[in-house]
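Asks: here you go, sequence then predicted model.
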Amino acid sequence: MNVDLLITGISQLVTARGGGAKHGAAMRELEVIREASIAITGGRITWTGRFLDWDGQASATVDVEGRAVVPALIDPHTHAVWAGDRLADFDARTSGKSYEEILRAGGGIRSSIRATAAASQEDLVCLAVPRINRLLHSGATTIEIKSGYGFTTAAEIAMLEAIQRLRAVTPARLLSTLLIHIPPSDAAERARYVIDTCNDLIPKVATRKLASAVDVFVEQEAWHTEEAALILECAKRHGMKIKLHTEQFQRIGGLELGVRLGVLSVDHLEACVSEQLALLASSSTIATILPGVSLHLGIPAAPGRQLIDSGVAVAVGTDLNPGSSPLFSAVTALALAVRLNGLTASEALVAGTVNAACALDVIDIGRLEAGLHADFLVLEGSDWRELVYTLGANPVREVWAQGQRVAR
């Protein structure tokens, strides 16, 4: 076998076994190859195994000098494009105001909508670049970015166009999601907004392929299940994938709606209870948990341990956003999932790689095996568990995407 590149000197090559984990037990199954190598051609993996078993020829060789290698991380939930800040919200919350109280008073998401609407598309791109770079350096080579701070059709499209422009300035793979975030305050305007979303915004986004999925925020202070169902059914008719923000603060039927409609993922789940676990476990929907929110808002963490023990496939994301999770590190999100959500180190790695890929419906990343993209991380140390053990320092030494070193 002749290949473009051979990575040698790998103390531990660690990856999830097989395809997307759909049962809790599978989340603990890692393949660990010691004294390993990876062969790469055309940006894809052609072979993995023990270096002593390699019998091919390589045009180039890179020695990682006894360090561990894991799949590159995938961040399946961010809001990385926004303008303005939420420092006033932070002051209010640390002074005793709840997230919902701040939102009702015109702060929260609504303040980000005002600031984002006032920004130019060029401003949005420039502001987002360093955020994407931080996520990339933390190990995320695939990043989902939601709109949702635009509110109007024109502003939402401008946000999605900004995400398109970001693809030209980063080696990370960026996936766009149209987020229907919060409704107008007036009941009559609220009904009209749903109609306009279905008749105008979603068709325009689908026609121009500005996003691959539609997400809806289902909460008492956001959209209700009947409205979300109309929006998500419209998205499906236009050939788009569907997702849900739900069970963050209250249970108003969002998880049940998501399972019924077959959404890719239900995200947040801080308010999820044991009675809902069997329903989610019986579906193909991924549970995406976001520990940065629990840390920043001081709310109960999503029941990651119970979800996995019930047979639910769990993914982990940063939820990077200015209000509830100013978390710029995908690897820190995994470390927090271990400490706040009860995941083991092995489960966290699966949640941040192959399961996160499933949450985005992407099949060519998330594992280290022949035929997939050569997206991987070289860690600072020789033991892969340092990935989720380390706090306050970046355990990632090198980030590789499609067979190229893209961050160090």
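Replies: Sure thing, it's come through.
Asks: tell me who's in contact with Val81.
Replies: 116, 124, 127-128, 145, 147, 149, 159, 162-163, 166 (Cβ atoms under 8 Å, 6 or more residues apart in numbering). All C-beta atoms are positioned from the backbone trio N, CA, C, and that covers glycine.
Asks: 10 Å - rerun?
Replies: 116, 119, 121, 124-125, 127-128, 131-132, 145-150, 158-160, 162-163, 166, 176, 321 (Cβ atoms under 10 Å, 6 or more residues apart in numbering).
Asks: quick one: Asn355 and Ile286 touch, right?
Replies: Yes - at 6.1 Å, Asn355 counts as touching Ile286 under the criterion of Cβ atoms under 10 Å.
Asks: now do the helices in the stretch 301-408 of the chain.
Replies: Using DSSP state H, counting those that start in this stretch, the helices of the stretch 301-408 of the chain run over 304-309, 330-340, 345-351, 354-360, 386-389.
Asks: wait, the stretch 101-250 of the chain
Replies: 109-118, 121-137, 153-166, 187-196, 202-208, 225-237.
Asks: can you pull the contacts of the closest residue to Cys198 other than its chain neighbours?
Replies: Nearest in space to Cys198, with sequence neighbours left out and distances taken as Cβ to Cβ, 6 or more residues apart in numbering, is Cys234 at 4.1 Å. By Cβ under 10 Å, 6+ apart, the contact list for Cys234 reads 194, 197-199, 201-203, 206, 214, 240, 242.
Asks: just the buried ones among those, please.
Replies: 194, 197-198, 201-202, 206, 214, 240, 242 (16 or more other Cβ atoms under 10 Å).
Asks: where's Ser283 relative to Gly262, distance?
Replies: 7 Å (Cβ to Cβ, to the nearest Å).
Asks: equivalent analysis for Glu101, please.
Replies: 35 Å.
Asks: please apply the same query to Leu327.
Replies: Relative to Gly262, and taking Cβ to Cβ, Leu327 is found at 29 Å.
Asks: kindly report the same for Ala68.
Replies: 37 Å.
Asks: quick one, which of those two is more surrounded?
Replies: In terms of neighbours (other Cβ atoms under 10 Å), Ala68 is the more surrounded of Ala68 and Gly262; the figures are 26 against 13.
Asks: where does the more buried one fall, secondary structure wise?
Replies: Ala68 is part of strand 57-71 when elements are defined by DSSP states H and E.
Asks: in terms of secondary structure, what does that strand contact?
Replies: Counting contacts by 3 or more Cβ pairs under 10 Å, 6 or more residues apart in numbering; DSSP states H and E, strand 57-71 packs against strand 2-16, strand 30-41, helix 345-351, helix 354-360, strand 376-379, helix 386-389, strand 396-401.
Asks: what do you get if the cut-off is 7 Å, keeping everything else the same?
Replies: Packed against strand 57-71 by the contact rule (3 or more Cβ pairs under 7 Å, 6 or more residues apart in numbering; DSSP states H and E) you find strand 2-16, strand 376-379.
Asks: so which of the ones you listed is nearest Val350?
Replies: strand 2-16 (4.8 Å; Cβ to Cβ).
Asks: quick one, what contacts the closest residue to Leu178 other than its chain neighbours?
Replies: Residue nearest to Leu178 in three dimensions, not counting chain neighbours: Ala211, with 4.2 Å by Cβ to Cβ, 6+ apart. Applying Cβ atoms under 7 Å, 6 or more residues apart in numbering, we find Ala211 in contact with 160, 176-178, 205.
Asks: what does Met1 give?
Replies: 39, 46-47, 56.
Asks: from Ala335, how far out is Ala393?
Replies: For Ala393 relative to Ala335 (Cβ to Cβ), the value is 11 Å.
Asks: for Thr225, same thing?
Replies: Counting by Cβ to Cβ, the gap from Thr225 to Ala335 is 34 Å.
Asks: same deal with Val14?
Replies: Distance from Val14 to Ala335, by Cβ to Cβ: 16 Å.
Asks: for the two, indicate the residue with more neighbours.
Replies: Neighbours were counted for Val14 and for Ala335 using other Cβ under 10 Å; Val14 has more, 26 against 21.
Asks: for that one, what are its contacts?
Replies: Applying Cβ under 7 Å, 6+ apart, the residues near Val14 are 30, 32, 68, 70, 384.
Asks: touching, Ala39 and Asp4? I think so.
Replies: No - using Cβ atoms under 7 Å, Ala39 is not in contact with Asp4; the gap is 8.5 Å.
Asks: which one of those two is surrounded by more residues?
Replies: Legend: neighbour count by other Cβ under 10 Å for Ala39 and Asp4, higher for Ala39 (24 against 16).
Asks: related to what we said a few turns ago, and of the contacts of Met1, the nearest to His79?
Replies: Nearest to His79 among these, with distances taken as Cβ to Cβ, is Thr46, at 36.7 Å.
Asks: show me what the helix or strand encompassing that closest one is packed against.
Replies: Using DSSP H and E, Thr46 maps to strand 44-50. Contacts defined by 3+ Cβ pairs under 7 Å, 6+ apart place strand 44-50 against strand 30-41.
Asks: partners of the strand it packs on, with directions?
Replies: strand 2-16 (antiparallel), strand 44-50 (antiparallel) (DSSP bridges).
Asks: and the first one, how far out from the chain middle?
Replies: Translated: strand 2-16. 26 Å (Cα atoms, centre = their mean, to the nearest Å).
Asks: so who does the closest residue to Leu327 other than its chain neighbours touch?
Replies: Among residues not flanking Leu327 along the chain, Gly292 sits closest, at 3.5 Å (Cβ to Cβ, 6+ apart). Gly292 is in contact with 318-319, 325, 327, 333, 336, counting by Cβ under 7 Å, 6+ apart.
Asks: do that again at 8 Å, thanks
Replies: Counted by Cβ under 8 Å, 6+ apart, Gly292 has contacts 318-320, 324-327, 332-333, 336.
Asks: can you tell me which of the residues you listed has the most neighbours?
Replies: Neighbour-wise, the contacts of Gly292 (other Cβ under 10 Å) top out at Thr318, 33 neighbours.
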